[in-house]
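Asker: what's the 3D shape of this:
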Amino acid sequence: MKKILVLSSSARKGGNSDSLANEFIRGAQESGHGVEKIMVDRLQMHGCLGCDGCKRNPGICCVQKDDMFPIYEKFLTSDVIVFASPVYYYAVNAQLKVVMDRTYGILDQLKGKTFYLITSGASPKAGPFYDHIKEEFQLYLDCFEALENGGVIIGENGMGRGVMSDRDKAEAYNAGKNA
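Answerer: All right, here's what the predicted structure looks like:
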């Protein structure tokens, strides 16, 4: 049994990326994995200060004592980490980007973990519109030592709530089942 952390940054609970995250969770739970979901947009977090306080002190020592602090421990104790975000201007939204940036403090402690990205956007096809967000995700993973890219699940044509295709939902469900 794997321990899976899902960080959903959709500002709309039940929005398209959040719905795909729920399908991933359903598949993972049916496979016997333990899953915790955190709605990132509900948390009070601040951007990385670049002060290197986390590097000068051992352990998890970010100088900011905000809602990111307990998430660090969840990152460290999870086998699989799933980022779920709508596409905002060809990238993840600001709420998820804060989480990604703040993992700088635990950069050397995430070795061997598997990461997934679940995203949705208004483009009707998974062509160039999604290339940047996939590249951004891979570049993020490349900053760490020995992380596995579990995959990118893309919900296409996501203009409006609840419009994800059965194919997109099945892809998210199967990814969770095989995580």
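
Asker: Show me the shaky parts of the chain.
Answerer: In the prediction, the chain carries residues with pLDDT under 70 at positions 58-59, 124-127, 157-163.

Asker: Next, the buried residues of stretch 145-161.
Answerer: Of the residues in stretch 145-161, those buried under the neighbour-count criterion (16 or more other CB atoms under 10 Å) are Leu147, Gly150, Gly151, Val152, Ile153, Ile154, Gly155, Glu156, Asn157, Gly158. The way it works is simple: take the backbone N, C-alpha and C, and place the C-beta from them, glycine included.

Asker: With stretch 100-111 instead?
Answerer: For stretch 100-111, a neighbour-count test (16+ other CB under 10 Å) marks Met100, Arg102, Thr103, Gly105, Ile106, Leu110 as buried.

Asker: With respect to Asp168, which of the buried residues of stretch 145-161 is nearest?
Answerer: Gly155 (4.5 Å; CB to CB).

Asker: Got the phi and psi for the residue located most distally from the centre of the chain?
Answerer: Relative to the centre of the chain, and counting by CA atoms, centre = their mean, the farthest-placed residue is Arg56 at 26.9 Å. Note on Arg56: backbone dihedrals following degrees, to the nearest 10 are phi -80, psi -20.

Asker: Could you shift the numbering so residue one becomes 45, and keep it that way?
Answerer: Will do, 45 is the new start, and the previous item becomes Arg100.

Asker: any idea how far Ser164 is from it?
Answerer: Taking CB to CB, to the nearest Å as the criterion, Arg100 is separated from Ser164 by 39 Å.

Asker: Then Lys47?
Answerer: Following CB to CB, the distance that separates Lys47 from Ser164 is 25 Å.

Asker: again with Gly195
Answerer: For Gly195, the distance to Ser164 under the criterion CB to CB works out to 15 Å.

Asker: So the residue most central in space within the chain, which state does it fall into?
Answerer: The residue lying closest to the centre of the chain (CA atoms, centre = their mean) is Phe127, at 0.9 Å. At Phe127, secondary structure determined by DSSP: H, G, I helix; E, B strand; the rest coil is strand.

Asker: Quick one: classify Gln139 as helix, strand or coil.
Answerer: helix.

Asker: Select from the buried residues of stretch 144-155 every entry located in helices.
Answerer: Met144, Arg146 (DSSP state H).

Asker: Please, where are all the strands along this structure?
Answerer: Assignment of strands within the chain using DSSP state E yields the ranges 47-52, 78-83, 124-130, 158-164, 192-199.
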